[in-house]
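Participant: From the sequence below, what's the structure:
(chains A, B, C and D)
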Protein chains: 2
Amino acid sequence: MTAGTEHALLTGSAVRNNGTLHAQIVRKLRVVLLNGELPSGARIPEADLCRRFQVSRTPLREALKVLATEGFIELRPNRGSVVAPIDPVEIGHVFEMKGGLEQQIGLLAAVRATKDDRVNLERIHARLGALETREDPAAYTALNQEFHHGLASASKNPLLLQTYDNLQKRILRLRLVVNEDPARLDASFNDHEGIMTALRAGARLDLAERLVDHNRVLGEAVLKALLESGDRTG
Amino acid sequence: MTAGTEHALLTGSAVRNNGTLHAQIVRKLRVVLLNGELPSGARIPEADLCRRFQVSRTPLREALKVLATEGFIELRPNRGSVVAPIDPVEIGHVFEMKGGLEQQIGLLAAVRATKDDRVNLERIHARLGALETREDPAAYTALNQEFHHGLASASKNPLLLQTYDNLQKRILRLRLVVNEDPARLDASFNDHEGIMTALRAGARLDLAERLVDHNRVLGEAVLKALLESGDRTG
DNA sequence: GTCGTCTATTCTGCATGCAAATGATATGAG
DNA sequence: CTCATATCATTTGCATGCAGAATAGACGAC
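Facilitator: Numbers count the residues shown, from 1 in each chain, chains lettered A, B, ... in the order given. Purely as a prediction, here's the structure:
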């Protein structure tokens, strides 16, 4: 269960120390957090994690600093770390931000997407269409992330891509509390149809607008689902 | 000399551990990097910095991880850290990104700016106008940052503000290699006039467009200055 | 029964110590 | 003289140890 679907996002890291222990822990801990093993707002006991990952506190603490910078956890001086709480108000901000980034991505990708980018996106889009009917939320989410990542990649701006991926990782946690709704996935796929149409036509402004709309709807849906699910903040 | 102008940006941090040693080092090291004391691409010897800041290696290394995540330095496994090199290609990406963020900021701030925000921006803008004639590049840069920060703050999206500030901090390093050109400052101030006019009128799209243009011009100017200054990458 | 205070335990933050990896220097072969 | 190799010094990465803060619990006052 905790293994779940593999998200390509999780393999990458801003810190390229892929061989070192603390870098490994950053990745592992991110997975743990994204899988919701540690509920939102929960205290993060260093000792427990040290036993779990079989490392000493030094590399673990280094990893915690990185994750705090990325916004996954909060560091309270002398009072331990906690998993960053999911704040309904912040959700609005997060999706507004994501919409803004995707607007930029759309404006750029419509012009700069290479042949490979387009083929890749068409492929993912097709797979997304095939999946959608089977209503497999987890797989859909993973593939959906891949689609938007591909689009961001087509913007040919590494900084924009990195910022976007970072935000996506943070948003990935939300899927745990909202429990994907098949009806919403249908709506989401319809949005994607429009997005692909605009991309194929190279319609910059149209593509950007569709992405903004897509995210606004998405944000509202997530917020609604979160509020309906009550205070089950786990 | 190293003290120079105080930038409000440097006092804030994503990591709120303001009392702890490693958080202090993050701030101090950021100042050192932004002041260009360590040239771009230079190796960062842990021992030297430990002596300089009078701390042991543990908190220093934690700070390095944070700064690497923020993009100020690069961590090479077992080979030490280096100051993130300034890549002309990346400069284009950075300003494109900044333009995109400010476009969002403009769209939001035009609608959401409070009375206080507007008063604050008018005040900064006025001071900027007074300074401009005296041609004091350092002070102009600092005040300019304050202006754009104030605009970002008026977007009422903390996440957007944080992302923007982070990017600004990275860009701040560039002022060292480009050596502000008074003529460009004049042009910059003219842009600001237009920006303020749009803000006063609540003209969202106009404000956003002006900000995008402002950043495109800025990026081109910085890139030009960088190339002209040759390979003086320090 | 409730609140405030004091004490003990746990946990955090930092300094130090040690092993492994990297880079530099010296030595020798060609 | 150039290049390859071996040895050594430096530096990084991690584990451990210790001091101080924070939390929990007991005790006593009201």
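Participant: Any regions of chain A where pLDDT drops low?
Facilitator: A:1-18, A:132-135, A:179-180, A:230-234 (pLDDT under 70).
Participant: And the helices in it?
Facilitator: Per DSSP state H, chain A carries helices over the ranges A:21-34, A:46-53, A:57-70, A:88-112, A:115-134, A:137-153, A:158-172, A:175-178, A:182-201, A:204-228.
Participant: Settle this for me: A:Ser229 is touching A:Val177, isn't it.
Facilitator: Yes. Judged on C-beta atoms under 8 Å, A:Ser229 makes contact with A:Val177 at a distance of 6.0 Å. Where C-beta positions appear, they are placed from N, C-alpha and C, glycine not excepted.
Participant: So for the two, which sits in the more crowded spot?
Facilitator: Comparing A:Ser229 with A:Val177 by other C-beta atoms under 10 Å in any protein chain shown, the one with more neighbours is A:Val177, at 18 against 13.
Participant: The residue of chain A most remote from its centre: what's it in contact with?
Facilitator: What lies farthest from the middle of chain A is A:Asn78; by C-alpha atoms, centre = their mean that is 30.1 Å. By C-beta atoms under 8 Å, 6 or more residues apart in numbering or on different chains, the contact list for A:Asn78 reads B:19-20.
Participant: Spit out the contact partners of the residue in chain A positioned nearest to DNA strand D.
Facilitator: For chain A, the residue closest to DNA strand D is A:Leu21, as judged by C-beta to the nearest atom of the strand, at 2.5 Å. Taking C-beta under 8 Å, 6+ apart, we find A:Leu21 in contact with A:55, A:59.
Participant: And stretch A:107-116, what's buried?
Facilitator: Residues of stretch A:107-116 classed as buried by neighbour count (16 or more other C-beta atoms under 10 Å in any protein chain shown): A:107-110, A:113.
Participant: The residue nearest to A:Arg173 when sequence neighbours are not counted: how many residues sit nearby?
Facilitator: With sequence-adjacent residues excluded and distances taken as C-beta to C-beta, 6 or more residues apart in numbering or on different chains, A:Arg173 is closest to A:Leu34, at 5.6 Å. Neighbours of A:Leu34 under the rule other C-beta under 10 Å: 20.
Participant: Repeat that for A:Val217.
Facilitator: Residues within reach of A:Val217, counting by other C-beta under 10 Å, total 16.
Participant: again with A:Lys224
Facilitator: A:Lys224 - counted by other C-beta under 10 Å - has 13 other residues nearby.
Participant: Kindly provide the distance from it to DNA strand C.
Facilitator: Going from A:Lys224 to DNA strand C by C-beta to the nearest atom of the strand, to the nearest Å gives 35 Å.
Participant: Ok, A:Leu174 next?
Facilitator: Taking C-beta to the nearest atom of the strand, one finds A:Leu174 at 26 Å from DNA strand C.
Participant: What of A:Asn166?
Facilitator: For A:Asn166, the distance to DNA strand C equals 23 Å [C-beta to the nearest atom of the strand].
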